[in-house]
Each structure stands twice: as structure tokens, then as C-alpha cells.
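> Take this sequence and fold it.
(2 chains)
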2 protein chains.
Amino acid sequence: MIRVGVNGYGTIGKRVADAVAAQPDMEVAGVAKTQPNFEAHTAVERGYSMYAAIPERAPLFGDAGIETAGVVDELVADADVIVDATPSGIGAENRSLYASYDTPAIFQGGEDASVAQVSFNARANYDDARGADSVRVVSCNTTGLSRLVAPLEEEYGVEKVRATLVRRGGDPSQHSRGPINDILPNPIEIPSHHGPDVQTIFPELSIDTMGLKVPATLMHVHAVNVTLESDVTAAHVRQLLEDQSRIYVIPEGLGLDGAGKLKDFALDAGRPRGDLWENCLWGESIATEGRDLYLFQAVHQESDVVPENVDAIRAVTDSADAAESIERTNRTIGVGLAGDPSGFNDSQVEAEAADD
Amino acid sequence: MIRVGVNGYGTIGKRVADAVAAQPDMEVAGVAKTQPNFEAHTAVERGYSMYAAIPERAPLFGDAGIETAGVVDELVADADVIVDATPSGIGAENRSLYASYDTPAIFQGGEDASVAQVSFNARANYDDARGADSVRVVSCNTTGLSRLVAPLEEEYGVEKVRATLVRRGGDPSQHSRGPINDILPNPIEIPSHHGPDVQTIFPELSIDTMGLKVPATLMHVHAVNVTLESDVTAAHVRQLLEDQSRIYVIPEGLGLDGAGKLKDFALDAGRPRGDLWENCLWGESIATEGRDLYLFQAVHQESDVVPENVDAIRAVTDSADAAESIERTNRTIGVGLAGDPSGFNDSQVEAEAADD
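So this is what the prediction gives:
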């Protein structure tokens, strides 16, 4: 059993902890938090040992009725792997802590690529992370683009990617973020940082990205153009993408016309927190013109990196190969069968059955 | 004096009427409305003769204290040119009315291109409309793209345009439209209808467009890629665009980071209704990579077609050439000096002085 510590128990950390707990080859050694907020209470109810991320604040947990198992250093010492899910920038500050205990660390995409030896996407470069001391799971948007680029590159070759990222302004709980009623080029400068971030996974890729922020909280939406190295048909691309386990090709006729309905669909299916771990890619949007491919996909910023974190844990511990890890992660947390709306539900049913 | 009737006095019609009233060579023969709402009262206060667009409803105007000069047929008979600013689809129904009186008609971009002999953008194809019986001023988005494509095509040649249109969900007054908190591919199919609409202006142009709708009301934002026929520098493109009278290249340093601040800027400058008739194009977004040009621009859906309607009136009456008409329209309504933030205000000051 791989004992996994989760440092930072917010949007990503709490999801990663639950996903780790669902793995047959992993257990949650504990989670560390800075403050005893509502999420801390949920962690205790789920049976995760709580560690104080800031030792001086440890008494606050006791005051709030939450028993702590120690401070974060003890969790790092005890764990086989640490997943750092702290806010952007804090991960880099924690790096020396993890190194001092020789505990392999998984960082998140909000950190600079320099935080870790390898930037990681399971579909694209799992093997690069095998046995590494530190790995950075790339951001939600970069994960979504990497899952798309990998099969296209393998099957057709990619000459150039041009993507416009219409980003949600903040997560549902981030009430102090904006915009309200505006469409912001963000960053105004082109290209945005997203393209270079994708190049941490595909160093040779030619990619230009443009970013915007809009008044929405549920998912990002990508308008993607890929100039391929060979002529293709939309049907051929669709089949290729439907064969990807972490791409859900939205079938026509279900009325899934935006992020709101996708979230409803996931919640109706009983998915935890209504999470959408897969790229949600509109099948009817797939269009080709010569070597130019176009499509729309939505990316759930709160959850698409969760299965990637689980795979990164297996990579750094070198405890499974890519295919084994991805299959096990998908099966245990319930990542849907691509392109199959019934499978979207069935996989969840299987996952629930597996939990019993 | 060209006597102009305006049929439909809503978002576009009321702005066109005011712009026509500001022209030294035009006068407002009257405006027609279906109902005596708040806009009808404003029309009366501005001195426009009111005609009932639906004869059976004429008494409602009297009940509301608004004197009518007659019904819309009489306005059509009296006017030298009719601007049809009725809701999308109604213009086509009105076509036979205008033809029956041999009154040249200007339609809006919500109609199919087949509604008129010529689709129109003053910068791109003014001469095609000279002396025509019917002209369609293309939609706000198509106008914004056409103003951009015309100089690029002339200066460099355009191999291909790829544009993602991040569209406002509705105008500020359209409270029953959405989305709220969603990012909708719209249409989901690619390419969207916008590309073919631009081709009504540039029949030979290769253009693929992707459309989305988001929870915003102020302006559309376009993320544009143009593959040119020759290598260019961003500085050269910027100079070219700054020389266009209906493109406002937003200078760095003013803090104009989105539609909200652009609207504030226009309102602070005293522009009528805070209108932004120009493409508002972020100078610092202009980027080139070889023959690939990228940029962001915002388009004010309520007003960018207004100067185009004025020019279309001169075209169908063959009363000025393109350069004369564009210059006169810009000067009289106060279209800003491209790329010059002080000019943005000065032109308005001049326009106000001209009104005295």
C-alpha cells in the first residue's frame, strides 16, 4: 500500500484524497490544512487524519473540536508520497520540506514548471515521471489540451495548435472573483502562458493560445483548431477521440449544450461532487477542412487533474505502467466510457458497486 | 436633403435615427414603431414624426398621448430611403412594402443575405451598393471582422482567417436572455454562420469561425487569427490598423482591460448612450509569428453598424463616394481618431460643437 499524504485540503486536495482512498493500492496517510474550516470537518468525517499545516495554528483545530494527529512535517515523514495541493506558489515554498524527508512530491499546475523534475500528463508522458522525486501535474487547461494533443500527434502528426481558452472567472465557491458581466482578454498579450505550459508536456509542439475570462464558474471551454500533418475526416477524428478513456465525446441528442447541463448530468449520475474528470468534447463540433481540425471542449477545472494526480503517484513510486495505472484509476473512481452516454452512468454504477 | 424613414425604433433604429439627424445632407422623415413604449416617447421628444408600424395599433399611440403622423405605408411613400431596423426576419416581410413604393431600403444583418441586392460594409465594398435598390448592412460581428479583414487583405493578402467569437448573451435591456453562469458553444457546429456572412462581403475569403455565448451584455469579444500571405511584424500591422478610422487601437497604459471600462470611457467622453462605433482592438494583443497574426478586439453590438447604415444611405442614393461618406459620417457623429486616446475624446467634442 502506498501511503499518500495530501498537503492542502481545498478544491483539489479533497478530491485527490477521496480518489486515493478509492485505490486498492493506496491509502490516505493524512491530510494537512491551515485552518479548521468546513472542509476540515468533512475530512474528519471521512476518517482522514488531520495535520496542522502551520504548527502555530494547531490549537485552532482543537478549539474547533478537531483532533490533530500532528503537524505537517510528521505527515511528510510518515508518507510514501506527498501530494501538494496548496495554493499556487505555496508548493514551491514547500519543496524543501519534502526534500528534507526524501518524500517524493506531486505538485499542481499552479506552480512554475521548475518546481519539479517532470511536468506530467498520464496519457502523454507517464513514463517520464517513473521513479522521479518530484512531478508537477499540469493545470486543468493544460491537462485538457494534452489529452487532446496526444492522440492527434500519434495518429496524424500535429503541425500547429491554435486554441482560444474561454475560462471561467472563478470556481463556484470563489465569490470574490470576477468578472461580472464582462468578457476579458486575459492575458491581453498573445500568446497566453497556456501554450508554453503545454510545451512542458510536448516540447516540440507548435502551439499558440489566447485566453479570456468570462462571468461563469462551472467549466472552461476551449475553441480549438489543430492543423494536422495529413488530411483527415471528422468521422475518423471522432472515432479516435471516442477511443480515449479520458475524453467524453458528447453525443448529439442528449441536449448537453453547455457546462450547466453537463454538471447536471454528472450530478444525476451520482458522481461525487458532480465531477467531470474527462474532457467533455462536443461530437457535433468536430469539423475538418483539409488538414484543419476544429472542435469545442469543456474542462472541469475542479476535477480533471484528479485522476492525473492518482496516476502520478503510481509513476513516482514506479508501481504500475501507464496503461495499468490509467485503467485502475478510471475503474476505481468511475471515469466514464468515452462516447457512450450509458457508459457515462455505468462506470459510476460499477464504481459504487466496487465501494460496497 | 435625403429624407430617411426609419422603420423599427429599437436598439438599432433609434441610434440610426439620431445619426441621420446629425448629417448635413439628411433628415429624418419619420420613424415607425409597433407600440408606444418608452422609446416612442423619446422619439417624440426628439422631434421625429411617429408612424404606426401596425395600422390596427395606431389608436394605442393616441391613448398613450403620442400623436402619429400616419401609418408606415405613408412613411415609406414619403421617404427617399427606408432603413429597416425591425427584428430579424421582419425585414424580409417588409421587403414587398418598400418595393411597392420604389423606395430604396437598407436592411440589417439579422436578415438573410438574400433580402437585398448587396451586403454592405463601408470600408470593404461601398461601391457595390451605389445606386442599389436594396442593401443589407451586415451584422455587428461581421462588420467588426470586415473592418479588420479589408486593410489586411489590401496590405498583405489573407490566406485564412480563424476567429473565435465570444458573444454577449444579450443586450443590457434583454433581461430574458441568457446564459447565466455558463459558457455555451453556440452554435455547437463548426464553422458558425459568421464566416459565410463575412464571405457576403469578401466572396473569395477563406474564413472559419467558432461562436460561443457567455453571461455578459456589453460587447462581443473576438479572438482572431489571420494567416497572411507575407511575413509581417506586429508593429507594421499595428500602424496599419491605427490608420483605420473605424478601428480604435486601445493604447497600453489606459487600463482599458475589458468591455466595462471601454463603456465607461465612452460614457465619460459624453458619447451618446456610451456608444462605441469603432472596433476596439487591444494594441498590446497584436502578435505575429511568421505569417500568423493574432489579436483581440471588442465589438459593441448595439452601435458599430450605425455609421455603416449612414454610409449605406449615401451609397444607395449615390450621393457621395466612399471616402467622402465615411469622413462625413465619422465627423458628424464623432467616430474617434483611431489609436489616439485624446482623439477619442476630441472627436466627440467636435461633434458636440457641430451640434450647437
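> Where does the prediction get shaky in chain A?
Along chain A, the model assigns pLDDT under 70 to residues A:337-356.
> now the farthest one out in it, which residue is it?
For chain A, the C-alpha lying farthest from the average C-alpha position belongs to A:Asp63; by CA atoms, centre = their mean, that distance is 33.8 Å.
> how about that residue, what does it touch?
A:Pro36 (CB atoms under 8 Å, 6 or more residues apart in numbering or on different chains). For the C-beta atoms, the positions are set from N, CA and C on the backbone; glycine is no exception.
> Could you do A:Asn125 as well?
Contacts of A:Asn125 were listed using CB under 8 Å, 6+ apart, and they are A:118-119, A:201.
> which among these are in contact with chain B?
When the contacts of A:Asn125 are filtered against chain B using CB under 8 Å from any CB of the partner chain, no residues are retained.
> from those, which single one is nearest A:Asn37?
Nearest to A:Asn37 among the contacts of A:Asn125 is A:Ser119, at 30.4 Å by CB to CB.
> Could you list which residues are in contact with that closest one?
With CB under 8 Å, 6+ apart as the criterion, the residues that contact A:Ser119 are A:113, A:125, A:135-136, A:138, A:197, A:200-201.
> go with 6 Å
Neighbour list for A:Ser119: A:113, A:136, A:138, A:200-201 [criterion: CB atoms under 6 Å, 6 or more residues apart in numbering or on different chains].
> Helices of the stretch 1-150 of chain A, start to end?
Listed in chain order, the helices of the stretch 1-150 of chain A (DSSP state H, counting those that start in this stretch) span residues A:11-21, A:38-45, A:58-63, A:72-78, A:90-100, A:122-125, A:140-155.
> Show me which positions of the fourth one end up buried.
It stands for helix A:72-78. By neighbour count with 16 or more other CB atoms under 10 Å in any protein chain shown, helix A:72-78 contains the buried residues A:72, A:74-76, A:78.
> Looking at the contacts of A:Asn125, which is nearest chain B?
Using CB to the nearest CB, A:Ile201 is the member of the contacts of A:Asn125 that lies nearest chain B, at 20.2 Å.
> need the residues of chain A near chain B, please.
By CB under 6 Å from any CB of the partner chain, the part of chain A that sits against chain B consists of A:162, A:164, A:166, A:181-185, A:188-190, A:210, A:212, A:214-217, A:221, A:223, A:225, A:258-260, A:282, A:284-285, A:287, A:294, A:296.
> Return the subset of the residues you listed lying in strands.
Taking DSSP state E, the ones among those that sit in strands are A:162, A:164, A:166, A:184-185, A:210, A:212, A:214, A:221, A:223, A:225, A:282, A:287, A:294, A:296.
> buried sites along stretch A:95-115?
A:95, A:97-98, A:103-111, A:113, A:115.
> go on, stretch A:178-197?
Along stretch A:178-197, these residues count as buried under the neighbour rule (16+ other CB under 10 Å): A:179, A:181-192, A:194-195, A:197.
> Then stretch A:306-321?
For stretch A:306-321, the neighbour count (16+ other CB under 10 Å) marks A:306-317, A:320 as buried.
> Also stretch A:269-289?
Residues of stretch A:269-289 classed as buried by neighbour count (16+ other CB under 10 Å): A:269, A:271-288.
> what's the closest of the buried residues of stretch A:178-197 to B:Gly157?
Closest to B:Gly157, out of all of the buried residues of stretch A:178-197 and judged by CB to CB, is A:Ile190, at 21.5 Å.
> what's near enough to touch the closest one?
Going by CB under 6 Å, 6+ apart, A:Ile190 touches A:210, B:285, B:287, B:294.
> Could you dump those into JSON lines and include distance to B:Val4?
Conversion of the contacts of A:Ile190 to JSON lines gives the following (distance: CB to CB, whole Å):
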{"residue": "A:Met210", "distance to B:Val4": "40"}
{"residue": "B:Ser285", "distance to B:Val4": "37"}
{"residue": "B:Ala287", "distance to B:Val4": "42"}
{"residue": "B:Tyr294", "distance to B:Val4": "40"}
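> Could you identify the most distant pair in those residues?
Checked with CB to CB, these reach their widest spread between A:Met210 and B:Ala287, with 9.2 Å between them.
> and A:Arg238, how many residues sit next to it?
Taking other CB atoms under 10 Å in any protein chain shown as the criterion, the count of residues near A:Arg238 is 18.
> I meant A:Glu67, not that one.
Using other CB under 10 Å, A:Glu67 has 9 other residues around it.
> Which residue is the nearest non-sequential neighbour of A:Ala17?
In space, not counting the residues next to it along the chain, A:Ala17 is nearest to A:Val6; the distance is 4.7 Å by CB to CB, 6 or more residues apart in numbering or on different chains.
> Would you enumerate the residues in contact with the most centrally placed residue in chain A?
With the centre of chain A defined as its mean C-alpha position, the nearest residue by CA atoms, centre = their mean is A:Val305, 0.8 Å away. Counting by CB under 6 Å, 6+ apart, A:Val305 touches A:137, A:140, A:143.
> now A:Leu60
Remark: with contacts taken as CB under 6 Å, 6+ apart, A:Leu60 is in contact with A:Pro36.
> Repeat the analysis, applying 7 Å as the threshold.
A:35-36 (CB atoms under 7 Å, 6 or more residues apart in numbering or on different chains).
> could you measure it against chain B, distance?
In this structure, A:Leu60 lies at 34 Å from chain B, with CB to the nearest CB, to the nearest Å as the measure.
> doesn't A:Lys160 make contact with A:Ser206?
Yes - the pair A:Ser206 / A:Lys160 is scored as a contact, 4.5 Å apart, by CB atoms under 7 Å.
> more neighbours, those two?
More neighbours surround A:Lys160 than the other of A:Ser206 and A:Lys160, with 18 against 15 (other CB under 10 Å).
> which residues touch stretch A:274-287?
For stretch A:274-287, contacts defined as CB under 7 Å, 6+ apart pick out A:15, A:144, A:147-148, A:234, A:237-238, A:241, A:246-252, A:262-263, A:266-267, A:294-300, A:302-304, A:306-307, A:333, A:335-336, A:338, B:185, B:188-191.
> Quote the end-to-end distance of it.
With CA to CA, to the nearest Å as the measure, the first residue of stretch A:274-287 is 29 Å from its last.
> how far is it from where the chain is centred?
In terms of CA atoms, centre = their mean, to the nearest Å, the centre of stretch A:274-287 is set 15 Å apart from its chain centre.
> In the stretch 1-150 of chain A, which residue sits nearest chain B?
Of the stretch 1-150 of chain A, the residue with the smallest distance to chain B, taken as CB to the nearest CB, is A:Asn141 at 13.0 Å.
> related to what we said a few turns ago, okay if I get the contacts of A:Val305 as a markdown table plus neighbour count and distance to A:Ala53?
Converted to a markdown table, the contacts of A:Val305 look like this (neighbours: other CB atoms under 10 Å in any protein chain shown; distance: CB to CB, whole Å):
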| residue | neighbour count | distance to A:Ala53 |
| --- | --- | --- |
| A:Val137 | 32 | 20 |
| A:Cys140 | 24 | 23 |
| A:Thr143 | 30 | 25 |
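> quick one: A:Ala40 and A:Thr68 touch, right?
No - applying CB under 7 Å as the test, A:Ala40 and A:Thr68 come out as separate, 9.7 Å apart.
> hey, what's in contact with both of the two?
With the criterion set as CB under 7 Å, 6+ apart, the overlap between the contacts of A:Ala40 and A:Thr68 is A:Met50.
> ok, back up a step: got the contact list for the residue of the stretch 1-150 of chain A closest to chain B?
Residues near A:Asn141 by CB under 7 Å, 6+ apart: A:165, A:194, A:220, A:299.
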